[in-house]
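Chemist: Show me the folded form of this:
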Amino acid sequence: MNGLPLVELSGDAYTQGWQHGRALREAIAANLRIYMTRFERELRIPPDEVWRRALRYAAVIAEQNQDYAAGMRGIAEGAGVDLAAIAALNVRYELFYQFFREYERGTGKPDGCTAFALLPSETDNGHLLVGENWDWIQGVRGAILRTIAPDGLRTLAFTEAGIFGGKIGLNAAGLALLINGLSSTGDDWASLRRPFHVRCYEILQARSLTEAQAVITSEERAGSANFLLAQVPDRVVNIEAAPAALAISGCTNGCLVHANHFTDPAALGIVERQIERYPHSYWRQERLRSLLASRPQSLAQVQAALRDHEQFPYSVCFHIDPADPPDEYYETVASVIMDVTAGVLYATDGPPCEHAYVRYELEVAR
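Modeler: Model prediction:
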C-alpha cells in the first residue's frame with residue numbers, strides 16, 4: 001500500500017513498543033538524525049546534553065505513566081538504539097523549547113497545523129468528521145499505528161516513528177484527538193510536568209470525552225498546546241492550554257477550526273511568543289474556516305480544502321519557503337482526516353496536493 005506505513009501492534013506496552021521499534025527502525029534512525037542535527041546546529045546543544053536531559057524526563061515519565069515508559073523501552077530495544085535516544089524523540093517538544101528558552105537561539109517554532117471539526121449536521125453522510133494538516137520539519141518520518149491493548153481497546157493513530165502511542169488519531173470508544181502547537185512566554189518545559197506526547201497517549205486511551213479532557217485540565221502544564229477532542233455522535237471540545245490557564249470552546253454553526261495561536265491570549269492573562277515572520281497561523285485558520293463554510297461538506301470537499309494554496313507557501317497546504325535555509329524547511333508532513341463515526345482514518349505521506357489520501361480502518365478487515 002502506498003502512503004504511510006501501517007504498523008499493527010498488540011500486547012502490553014513494552015511489547016507494542018518493541019513491535020514499533022522493530023518495524024520502523026530505519027525511520028526512527030532517520031528521525032534521530034534530523035532532530036540531533038537541529039539540536040546541535042540550531043541550538044548549539046551537544047548530544048551528551050540532549051541524552052542527559054532526555055533521561056531526566058524518562059525518569060519522571062516512569063513515575064507519571066509506567067506504560068508509556070515501558071513503551072519507550074520497547075521501542076529502544078526493538079530499534080536497537082539507546083533508551084536516551086528514544087526518550088529524546090518522545091520529549092522532543094519539551095527539549096526543543098526548553099533549550100530555546102534557556103539559550104535564546106533558533107526559531108523555536110511549535111508544531112504547526114490547521115485542524116478542523118465538522119458536526120454530523122454539517123456533513124453529507126451525517127458523520128462526525130475531523131482532521132488536520134500537520135506542518136513540521138521536512139523529512140520527518142511518520143506512520144499509522146493500529147493497536148489493540150490487553151483490555152481490548154483499539155486505537156488508530158498517526159505518530160512520528162519512534163514516538164510511542166499516537167498524536168493524531170481515534171479509538172474504538174469513538175473518541176478522536178487533533179493537536180496544534182502553541183507558545184507563550186510562561187512556558188517552562190524544565191518543570192518536568194507530564195510531557196505533551198504522554199498526554200496525547202493518555203487521551204487516546206480514554207473512553208469518554210470527560211476522561212480525555214481531564215488528561216489536560218486536571219493539572220498544570222509545562223508548556224502550551226492546543227487539543228481538539230471529539231466523540232461520537234456529535235461532541236466537540238477545543239482546549240487551548242497554557243501552563244496555568246485554559247480556554248475551552250466548541251463548534252460555531254457546526255464547525256470548529258484552529259491553528260497555532262491563542263484565540264484571546266489577553267483573556268487568559270498570557271503573552272504569546274512572536275515566532276512567525278508572517279502571521280500565517282491567522283491566514284490558515286480563516287482560510288480553512290471559509291472553505292468549510294458551504295454545507296453540507298463531503299469527504300472530497302474537505303480533501304480539496306486541505307490542498308488549498310491561497311497565500312502560498314504559507315497556505316493551508318503548507319510548503320517550503322525557498323528563502324529559508326535548508327535546516328529550517330517546514331511543510332505539511334501529513335494530512336489526516338478522520339470519519340469518527342465510521343472509525344476510518346485517511347492520511348497522506350506528505351503535502352496533500354502531491355500525495356493521495358490512503359484509507360486506514362480501525363477494525364481489522366476479516
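
Chemist: for L299, what are its contacts?
Modeler: 125, 129, 337, 339, 346 (C-beta atoms under 8 Å, 6 or more residues apart in numbering). Where C-beta positions appear, they are placed from N, C-alpha and C, glycine not excepted.

Chemist: Same question for S335.
Modeler: 131-134, 306, 317, 347-348, 351-352, 355, 357.

Chemist: Check those against I163 and report the nearest one.
Modeler: I163 lies nearest to W134 out of the contacts of S335, by C-beta to C-beta, at 12.6 Å.

Chemist: quick one, strands of the stretch 101-250 of the chain?
Modeler: In the stretch 101-250 of the chain, the strands defined using DSSP state E, counting those that start in this stretch lie at 112-118, 129-137, 142-148, 154-160, 168-171, 175-181, 225-231, 235-241, 246-249.

Chemist: Save these as a markdown table, and put in distance to A79 and mean neighbour count too.
Modeler: Below are those laid out as a markdown table (distance: least, C-beta to C-beta, whole Å; neighbours: other C-beta atoms under 10 Å):
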| stretch | distance to A79 | mean neighbour count |
| --- | --- | --- |
| strand 112-118 | 26 | 28 |
| strand 129-137 | 20 | 26 |
| strand 142-148 | 13 | 23 |
| strand 154-160 | 13 | 24 |
| strand 168-171 | 21 | 28 |
| strand 175-181 | 24 | 26 |
| strand 225-231 | 26 | 24 |
| strand 235-241 | 31 | 22 |
| strand 246-249 | 36 | 14 |
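
Chemist: Check the average confidence over stretch 241-251, would you?
Modeler: Mean pLDDT, computed over stretch 241-251, is 96.

Chemist: what's the answer for stretch 270-283, then?
Modeler: 82.

Chemist: Would you mind listing the buried residues in it?
Modeler: 270, 272-273, 276, 280-281, 283 (16 or more other C-beta atoms under 10 Å).

Chemist: which of the contacts of L299 tops the neighbour count?
Modeler: Most neighbours among those, by other C-beta atoms under 10 Å: L129, with 27 neighbours.

Chemist: show me what contacts that residue?
Modeler: The contact partners of L129, by C-beta under 8 Å, 6+ apart, come to 117-118, 123, 297, 299, 302, 337-340.

Chemist: cool, A176 as well?
Modeler: Contacts of A176 (C-beta under 8 Å, 6+ apart): 128, 130, 169-170, 229-231, 338, 340.

Chemist: what does stretch 283-293 rub up against?
Modeler: Against stretch 283-293 from outside (C-beta under 8 Å, 6+ apart): 114, 116, 118, 255, 257-259, 261, 302, 304-306, 308, 310-311, 314-316, 318.

Chemist: quick one: buried residues of that stretch?
Modeler: Those would be 283-285, 287-289, 291-292, for stretch 283-293 by 16+ other C-beta under 10 Å.

Chemist: Can I get that stretch in PDB? Just the C-alpha atoms.
Modeler: This file holds the C-alpha atoms of stretch 283-293, laid out as PDB (Å, rounded to 0.1, in the frame of the first residue of the first chain):
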ATOM      1  CA  TRP A 283      -4.300  33.200   7.500                       C
ATOM      2  CA  ARG A 284      -4.600  29.400   7.600                       C
ATOM      3  CA  GLN A 285      -7.300  29.400  10.200                       C
ATOM      4  CA  GLU A 286      -9.500  31.900   8.500                       C
ATOM      5  CA  ARG A 287      -9.000  30.400   5.100                       C
ATOM      6  CA  LEU A 288      -9.900  26.900   6.200                       C
ATOM      7  CA  ARG A 289     -12.900  28.200   8.000                       C
ATOM      8  CA  SER A 290     -14.100  29.900   4.800                       C
ATOM      9  CA  LEU A 291     -13.500  26.800   2.700                       C
ATOM     10  CA  LEU A 292     -15.700  24.700   5.100                       C
ATOM     11  CA  ALA A 293     -18.400  27.300   5.300                       C
END
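
Chemist: what separates it from the chain centre, distance-wise?
Modeler: Relative to its parent chain, stretch 283-293 has a centroid offset of 20 Å by C-alpha atoms, centre = their mean, to the nearest Å.

Chemist: go on, stretch 287-304?
Modeler: On C-alpha atoms, centre = their mean, the centre of stretch 287-304 falls 22 Å from the chain's centre.

Chemist: gap between the two ends of it?
Modeler: 12 Å (C-alpha to C-alpha, to the nearest Å).

Chemist: before we move on, back to that, between the buried residues of stretch 283-293, which sits nearest P47?
Modeler: R284 (34.4 Å).

Chemist: Ignoring the adjacent residues along the chain, who's closest to that closest one?
Modeler: T114 (4.4 Å; C-beta to C-beta, 6 or more residues apart in numbering).

Chemist: Just list the residues touching that neighbour, thanks.
Modeler: 132-133, 135, 257-259, 284-285, 288, 306, 316.

Chemist: got it, and A23?
Modeler: With contact taken as C-beta under 8 Å, 6+ apart, A23 is in contact with 5, 7, 78, 143.

Chemist: Was I right to think V91 contacts A59?
Modeler: No: counting by C-beta atoms under 8 Å, V91 does not reach A59; the two are 11.3 Å apart.

Chemist: Show me which of those two is the more surrounded one.
Modeler: Using other C-beta under 10 Å, the more surrounded residue of V91 and A59 is V91, with 27 against 12.

Chemist: Look up how far E202 lies from the more buried one.
Modeler: 15 Å (C-beta to C-beta, to the nearest Å).

Chemist: State the phi and psi torsions of N31.
Modeler: Here is the backbone geometry of N31 (degrees, to the nearest 10): phi -60, psi -40.

Chemist: separation between it and I163?
Modeler: From N31 to I163 the distance is 8 Å (C-beta to C-beta).
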